[in-house]
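> my questions concern the predicted model and sequence given below.
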Amino acid sequence: MSDLLSGIRVLESAVLLNGGSLGMYLADLGADVIKIESPQRGDYIRNMLGQITPGNSPAHLQVNKNKRSITLDLKSDAGLDVFWDLLSLADVFVDGFVGGSAEKLGIGYLEQRKRQPRIVYCHYSGYGRTGPYSSIPTHGQMMNAEAAAISLRKDADGFVQSTENLELMKGTSLGGDGTAAGAIHAAFYVASALFRREISGQGCFVDVSAADAVISQGWIGAVYGLNESRISDRTGLRDTKSAHQTGAKYQYYETSDENFVLFCCIELKFWRTFCEAVDRGDLADHQIEPGVVDFARDDQELRHELQAIFSTRTQREWIQLAIEYGIPIGPANQGVASLRGDQHLAARQILFESKHPKAGAFTYVGEPALVDDQEYALRMHAPVLGQQTDELLRELGYSDDRIRELRDDGVV
């Protein structure tokens, strides 16, 4: 596990997946993320989207790993006192609620900046802090829908259904899930703000919208779609009226073990190397589209020929050939369960097996980057509600008697 943000303390005030995902990314980078939760209910992601054991949904175990939890009633004067004590030692504040919620509690950015000028305050929500939609609570696919990443049609039964996006470059559909897309952009800006703070000594306010992030990550479809009328030469662009890839040299093929690979030998050098590797020199000079790349679109005869070739070896054998000859052929894994058997993913440790003290065996998604070749390691499992409340209060210098008083008064 990386320690790039070791020594950075983050206060996270959020429920569900937007702010929680941002906190997860910062925690995975080594930050001490303190999750501030309501004493009454806390983050109810624990009890949503299925349960492994009571209060332990897969979403909670993943998104709240490596965090500490403190319960705190921010509507009480005593609770606000504790909050300001926590803030005095914090570097980052994550606000995962709709615009204006923190201000109503008296803990918005302007109030925080008075007490802690170095604070990096990140508001991350579905639609962001500003704009006409900023006060609308968002769930699930609302951010992707706002970003035009979900294509819809009305069927004969009168119901609306999602359908494949046939826009140029698939529009913004490749922008990813809004919650995750926004969280990774927010983490990037938080890290950048911390770097700037080291130079200037000043914090800042960062406003991130998950809907905006989907468009940003799906920029290629957005840019091509918004500028389509300006494109004078459409060579190399897919026919947007077809939902299928028709290119023989950029295509999915089934292997002998009923798995799949994606074959991408569109450059002549790769195509000729492939033909040499499979002893098919008779195909080496096959080229339909002139220029740098040849997708061999609508070449059904070549496509059948290639399928026959790929049917002679297993997926793993084809990938080994790709490694040996340096050609672009990759596994097309089908279904999440197939990821367990992928040797490359196992080597990268993007999937991490561990055992939660309450939920038992659990497979986590780790980090997509390695720092100094460090292996991924879990520092802390997702906490039960308020698990580290006493621990954190003691770190602030609160006596056991004072902690008991706060508990008796329902502040924590």
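Right, received. Where do you want to start?
> now the strands: where do they sit in the stretch 251-400 of the chain?
Under the criterion DSSP state E, counting those that start in this stretch, the stretch 251-400 of the chain contains strands at 260-264, 329-331, 351-356, 360-365.
> can you say which of those strands is nearest to residue 23?
strand 360-365 (14.9 Å; CB to CB). Heads up, the C-betas are built off the backbone N, CA and C, glycines and all.
> buried residues in that closest one?
By neighbour count with 16 or more other CB atoms under 10 Å, strand 360-365 contains the buried residues 362, 364.
> for stretch 261-281, same thing?
261, 263-266, 268, 270-275, 278.
> can I get those residues in a markdown table with distance to residue 288?
Shown next, in a markdown table, are those (distance: CB to CB, whole Å):
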| residue | distance to residue 288 |
| --- | --- |
| 261 | 22 |
| 263 | 16 |
| 264 | 16 |
| 265 | 13 |
| 266 | 11 |
| 268 | 12 |
| 270 | 16 |
| 271 | 11 |
| 272 | 15 |
| 273 | 19 |
| 274 | 16 |
| 275 | 15 |
| 278 | 19 |
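> nearest to residue 43, of those?
Distances from residue 43 to those, taken as CB to CB, are shortest for residue 261 (41.2 Å).
> how close does the closest one sit to residue 253?
6 Å (CB to CB, to the nearest Å).
> which of the strands of the stretch 251-400 of the chain sits closest to residue 130?
Here strand 360-365 is closest among these (CB to CB), at 31.4 Å.
> low-confidence ranges, the stretch 1-150 of the chain, go.
Counting by pLDDT under 70, the stretch 1-150 of the chain shows low-confidence ranges at 1.
> can you give me the strands for it?
Assigned strands in the stretch 1-150 of the chain, in chain order: 9-13, 32-37, 67-71, 92-95, 120-125 (criterion: DSSP E, counting those that start in this stretch).
> please save the CA atoms from the shortest one in CSV.
What follows is the C-alpha trace of strand 92-95 in CSV, where atoms were taken according to Å, rounded to 0.1, in the frame of the first residue of the first chain:
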residue,chain,number,x,y,z
VAL,A,92,-8.5,18.2,4.1
PHE,A,93,-12.3,18.3,4.6
VAL,A,94,-14.5,16.2,2.3
ASP,A,95,-18.0,17.5,2.0
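> from the chain's centroid, how far away is it?
18 Å (CA atoms, centre = their mean, to the nearest Å).
> what helices and strands are in contact with it?
Helices and strands touching strand 92-95, by 3 or more CB pairs under 8 Å, 6 or more residues apart in numbering; DSSP states H and E, are strand 9-13, helix 18-28, strand 120-125.
> what about 10 Å?
Under the contact definition 3 or more CB pairs under 10 Å, 6 or more residues apart in numbering; DSSP states H and E, strand 92-95 sits against strand 9-13, helix 18-28, strand 32-37, helix 101-105, helix 109-115, strand 120-125, helix 178-200, strand 204-209.
> over to the third one?
Here strand 67-71 is seen to pack against strand 9-13, helix 18-28, strand 32-37, helix 77-87, helix 389-395 when contacts are counted using 3+ CB pairs under 10 Å, 6+ apart.
> same list (those) but as CSV, adding mean neighbour count and distance to residue 54.
Output for those, formatted as CSV (neighbours: other CB atoms under 10 Å; distance: least, CB to CB, whole Å):
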stretch, mean neighbour count, distance to residue 54
strand 9-13, 23, 23
helix 18-28, 27, 19
strand 32-37, 25, 17
helix 77-87, 17, 27
helix 389-395, 18, 20
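> so which residues of the stretch 201-350 of the chain form helices?
Along the stretch 201-350 of the chain, the stretches classed as helices by DSSP state H, counting those that start in this stretch are 210-217, 219-226, 268-277, 300-310, 315-325, 343-348.
> OK, contacts around the residue lying farthest from the centre of the chain?
Residue farthest from the centre of the chain, counting by CA atoms, centre = their mean, is residue 282 at 44.9 Å. By CB atoms under 10 Å, 6 or more residues apart in numbering, the contact set of residue 282 is residue 275.
> next, the buried residues of stretch 85-102.
For stretch 85-102, burial by neighbour count (16+ other CB under 10 Å) applies to 85-87, 90-99, 101-102.
> tell me how far that stretch lies from the chain's centre.
Mean-position distance between stretch 85-102 and its chain equals 22 Å (CA atoms, centre = their mean).
> mind checking how far residue 152 is from residue 218?
17 Å.
> so between these two, which is more surrounded?
residue 218 (25 against 9; other CB atoms under 10 Å).
> any idea how the chain splits into domains?
Residue ranges for the domains of the chain, per automatic domain parsing: 9-143+173-218+351-408, 250-344.
> most neighbours per residue, which of those domains?
With neighbours taken as mean count of other CB atoms under 10 Å, the domains of the chain reach their highest mean count in domain 9-143+173-218+351-408, at a mean of 19.
> how far is it from where the chain is centred?
On CA atoms, centre = their mean, the centre of domain 9-143+173-218+351-408 falls 15 Å from the chain's centre.
> ends of that domain, how far apart?
This stretch, domain 9-143+173-218+351-408, spans 28 Å end to end (CA to CA, to the nearest Å).
> swap in stretch 123-134?
By CA to CA, the extent of stretch 123-134 from end to end equals 11 Å.
> wait, isn't residue 286 in contact with residue 305?
Yes - proximity of residue 286 to residue 305 meets the contact threshold set by CB atoms under 10 Å, at 9.4 Å.
> pull up the overlap in contacts between the two.
Shared contacts of residue 286 and residue 305, defined by CB under 10 Å, 6+ apart, are found at 248, 280, 299.
> could I get these as JSON lines with distance to residue 402 and pLDDT?
Output for the shared contacts of residue 286 and residue 305, formatted as JSON lines (distance: CB to CB, whole Å; pLDDT from 0 to 100):
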{"residue": "248", "distance to residue 402": "73", "pLDDT": "91"}
{"residue": "280", "distance to residue 402": "79", "pLDDT": "94"}
{"residue": "299", "distance to residue 402": "77", "pLDDT": "89"}
